[in-house]
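Enquirer: just a sequence and a predicted model for now, questions to come.
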There are 2 protein chains.
Amino acid sequence: MTKPPAPVRKAVGHAPSSVEDVMELVRARGGRATPSRRVLLEVLFEARAHLSAEELATAVQERAPDVHLSTIYRNVEDLQKLGVVVHSHMGHGPATYQLTSAAHAHFICEDCGATLEAPDELFADLARTVRDTLGFAIHPHHFGMLGLCARCQERSRTSC
Amino acid sequence: MTKPPAPVRKAVGHAPSSVEDVMELVRARGGRATPSRRVLLEVLFEARAHLSAEELATAVQERAPDVHLSTIYRNVEDLQKLGVVVHSHMGHGPATYQLTSAAHAHFICEDCGATLEAPDELFADLARTVRDTLGFAIHPHHFGMLGLCARCQERSRTSC
DNA sequence: ACCGCAGATGCGAGCAGATCGCAATAGGTC
DNA sequence: GACCTATTGCGATCTGCTCGCATCTGCGGT
């Protein structure tokens, strides 16, 4: 393990940009830099798609076969407390986890399950209105918004 | 059971306005007018709040003690297929069921669980934009939108 | 280099919410 | 009234997730 001496960066804030940054943050909060944690973070940093806990476990186990699913759950929870990770609920089915820096809102088709990624600006007007009228601060990432994708709207129109 | 002769109304459409209307619709689709179904509908028509399956079961069992939870699940599912009932997911926790005519969107506080009811107009702009840009038809009732209520925003501000 | 302790882990049990299989029951049409 | 099939009660099962506990290990102190 020839590892560069990891220059002391402080004030990483809430957007650590590498696995080692996060490990440093973990240690700064009294946590420990364990292999499972490191591998989990590697998977999260490399992830292209939205991964459920089960999928994360499978990916992690390719590199560290003994990591248990419950360890994944405990680690993503810890990382959420550090602000490094967030989870989203994509309709029915398991939650998915991603780096906070990669988070965004989703539209999910009730019929075919397709997910569309949504730029946050889409929600800006709604967020402002809701804040002004109800005092409520929406978190559009947390739960995907359901509905019907174009294809399934078409299909349900023609099949009736 | 002295029951009025139930004047034949047809074309009830998707907004039946009484228990007997719905029972008629059920029969028209080959279903049967069972006591559990009737009591469940009574509960739904009288409901002021959002009721989970468990809560529906408890309420139904006050009038018909032997109705099983799984019967509630099966009946709400059937009634959803008829378009009479819809369910909503209010953050974590069980789904809630209500008459389609009483459905609306929700904002749910992640901290305290408070739910705010939202007029559909709030989503009109978003719905139009999403339809025009992504071809996606949002169903804002299906999943509540999470965030922080005014009180909990205040509390998290002062406690830091 | 070693100790010691608190944090982390593996593993299985347990939990909540929801669904399913099956035998028994009961609407409602004839 | 008989028959067919929808519906029901009941428990088993499933999924997604959390927890308890004995064991292990990172890492700060010496």
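Expert: Structure's in. What do you need? Model, not experiment: these values are computed from the prediction. Numbers count the residues shown, from 1 in each chain, chains lettered A, B, ... in the order given.
Enquirer: and chain A, which residues reach DNA strand C?
Expert: For chain A, the residues in contact with DNA strand C (Cβ under 7 Å from any atom of the strand) are A:26, A:30-32, A:34-37, A:64, A:66-68, A:70-71, A:74-75, A:78. (Each C-beta comes from the backbone N, C-alpha and C, glycine too.)
Enquirer: how distant is the helix or strand bottoming out on mean pLDDT in chain A from the center of its chain?
Expert: In chain A, the helix or strand scored least confidently by mean pLDDT, DSSP states H and E is helix A:150-158, which has a mean of 89. The offset between the C-alpha centroid of helix A:150-158 and the centroid of the whole chain comes to 30 Å, using Cα atoms, centre = their mean, to the nearest Å.
Enquirer: which of the helices or strands spans the residue nearest in space to the middle of chain A?
Expert: Geometric centre of chain A, nearest residue: residue A:98, 2.0 Å, by Cα atoms, centre = their mean. Taking DSSP states H and E as the criterion, residue A:98 maps to strand A:95-99.
Enquirer: hmm, that strand touching chain B?
Expert: No. Applying Cβ under 8 Å from any Cβ of the partner chain, one finds strand A:95-99 separated from chain B by no less than 9.7 Å.
Enquirer: relative to helix A:150-158, how tilted is the next helix or strand after that strand?
Expert: Using DSSP H and E, the helix or strand that follows strand A:95-99 towards the C-terminus is strand A:105-109. Angle, strand A:105-109 to helix A:150-158, by axes from the mean of the first three to the mean of the last three Cα atoms, to 10 degrees: 30 degrees.
Enquirer: now the helices for chain A?
Expert: Using DSSP state H, the helices assigned to chain A run over residues A:19-28, A:35-46, A:53-63, A:69-81, A:124-134, A:150-158.
Enquirer: so where's chain A uncertain?
Expert: A:1-15, A:159-160 (pLDDT under 70).
Enquirer: got the domain ranges for it?
Expert: A:1-100, A:104-160 (automatic domain parsing).
Enquirer: near DNA strand D too, which of the residues of chain A next to DNA strand C?
Expert: Near DNA strand D, by the rule Cβ under 7 Å from any atom of the strand, you find A:32, A:34, A:35, A:70 out of the residues of chain A next to DNA strand C.
Enquirer: what's the neighbour count on the closest residue to residue A:96 other than its chain neighbours?
Expert: In this structure, residue A:96 finds its nearest non-sequential neighbour in residue A:50, 3.7 Å apart by Cβ to Cβ, 6 or more residues apart in numbering or on different chains. By other Cβ atoms under 10 Å in any protein chain shown, 19 other residues sit near residue A:50.
Enquirer: one step back: can you lay out the helices of chain A as JSON lines showing mean neighbour count?
Expert: Below are those laid out as JSON lines (neighbours: other Cβ atoms under 10 Å in any protein chain shown):
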{"stretch": "helix A:19-28", "mean neighbour count": "18"}
{"stretch": "helix A:35-46", "mean neighbour count": "19"}
{"stretch": "helix A:53-63", "mean neighbour count": "17"}
{"stretch": "helix A:69-81", "mean neighbour count": "17"}
{"stretch": "helix A:124-134", "mean neighbour count": "15"}
{"stretch": "helix A:150-158", "mean neighbour count": "13"}
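Enquirer: so for residue B:104, which of the ones you listed sits nearest?
Expert: For residue B:104, the closest of the helices of chain A is helix A:124-134, at 13.4 Å, according to Cβ to Cβ.
Enquirer: now do the contacts for residue A:129.
Expert: Listed by Cβ atoms under 8 Å, 6 or more residues apart in numbering or on different chains, the contact set of residue A:129 reads residue B:122.
Enquirer: equivalent analysis for residue A:84, please.
Expert: Residue A:84 neighbours (Cβ under 8 Å, 6+ apart): A:14, A:16, A:22, A:25, A:99, A:100.
Enquirer: contact partners for the spatially closest residue to the last one that is not a sequence neighbour?
Expert: What sits nearest to residue A:100 in space, not counting adjacent residues and going by Cβ to Cβ, 6+ apart, is residue A:86, at 5.2 Å. By Cβ under 8 Å, 6+ apart, residue A:86 lies in contact with A:80, A:97, A:98, A:99, A:100, A:103, A:141, A:142.
Enquirer: got a PyMOL select line for the buried ones in those?
Expert: A single PyMOL command selects the buried members of those (16 or more other Cβ atoms under 10 Å in any protein chain shown):
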select buried, chain A and resi 97+98+99+100+103+141+142
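Enquirer: need the contacts of residue A:86 in TSV (columns: distance to residue B:119).
Expert: Output for the contacts of residue A:86, formatted as TSV (distance: Cβ to Cβ, whole Å):
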residue	distance to residue B:119
A:80	32
A:97	33
A:98	32
A:99	35
A:100	32
A:103	28
A:141	23
A:142	22
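Enquirer: next, give me the two most distant ones among the contacts of residue A:86.
Expert: The distance between the two most remote of these (Cβ to Cβ) is 15.2 Å, for A:99 and A:142.
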